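Enquirer: coords please:
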Amino acid sequence: MYSFESRVRYSETAEDGSMSLSGIMNCLQDCSTFQIEHIGRGIRWLQEHDRAWLLMGWKIEISRRPVMNEKIRTTTRPYYYRGIMGLRYFDIRNADTDELLVRADSAWCYVQPSTGEPVRLRPEDITPYLPVDEMPPGCGMKDRKIRIPESGAVQEPFRVQRENLDTNHHVNNTQYVIMAADYLPERFPVRHFQVQYMAQAHLGDEIVPTVREDGDRIVVDLRDPAGAVYAVTAFYR
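Expert: Residues are numbered from 1 along each chain as shown. Predicted structure coming up:
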């Protein structure tokens, strides 16, 4: 288990003064990054050993969005490693009252960046993360596939910009959600959302969004011009 405390910055807030979806996701992502740096398996180590953790999917539930200047504690704990996969739980709590604000589950794949291929985890790859906690109640990423409705409204295509990229030189996982959330109706109350990552978009790639309304959820899929999916996000009221 690993935790860090912070205050919600103005730059992390949405129009209503609460933490934005991207602010929440960045906070979670930072927590796992801080942990791998802490145990000596950080970005530089991964680059030197031609390894990377690629995010395959998120499930994020929001009980209450933290507000600007609120003191929060973000925690992560891996709870499963097998084959090429790792699963991680996260939560964000009020640092003073321990109120649960956000909880999240995530699936990751261990890959070799030079080839783009997944690689099996060896005992020495897992040892720095041990002991691995048991799966928290209500978690599990086995059903992470998002059902995409058949009909939808295709939107104007756009291209990946340099600011969308991360140290792996492809679009950062949070950026896909920022792109997708732009198509939500005004004042759409996101209570939880799920993301499935399918392929990597790179600088200059064209992205074609399609918005699909389905009951209490809106599904936004981001594809290349040939129809291959980069990422799918389902937002629930």
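Enquirer: Identify the residues contacting the lowest-mean-pLDDT helix or strand in the chain?
Expert: The weakest-scoring helix or strand in the chain, judged by mean pLDDT, DSSP states H and E, is helix 123-126 (a mean of 90). With contact meaning C-beta atoms under 8 Å, 6 or more residues apart in numbering, helix 123-126 is reached by 51, 81, 110, 132. All C-beta atoms are positioned from the backbone trio N, CA, C, and that covers glycine.
Enquirer: Out of the residues you listed, who's the most crowded?
Expert: Tyr110 (21 neighbours; other C-beta atoms under 10 Å).
Enquirer: I figured that one was touching Val119, is that so?
Expert: Yes: the pair Tyr110 / Val119 is scored as a contact, 5.7 Å apart, by C-beta atoms under 8 Å.
Enquirer: Overlap of the contact sets of those two?
Expert: 51, 84.
Enquirer: does Ala104 have beta-bridge partners, and which?
Expert: Ile60, Phe90 (DSSP bridges).
Enquirer: On the pLDDT front, check it for me.
Expert: Per-residue confidence (pLDDT) for Ala104: 95.
Enquirer: mind checking how far it is from Tyr79?
Expert: 13 Å (C-beta to C-beta, to the nearest Å).
Enquirer: So which of these two has more stuff around it?
Expert: Ala104 (24 against 16).
Enquirer: May I have the residues that are in contact with that one?
Expert: 28, 58-61, 89-91.
Enquirer: From those, pick the one nearest Phe158.
Expert: Ranked by distance to Phe158 (C-beta to C-beta), the contacts of Ala104 are led by Trp58 at 22.3 Å.
Enquirer: Not counting sequence-adjacent ones, nearest residue to that closest one?
Expert: Val195 (4.4 Å; C-beta to C-beta, 6 or more residues apart in numbering).
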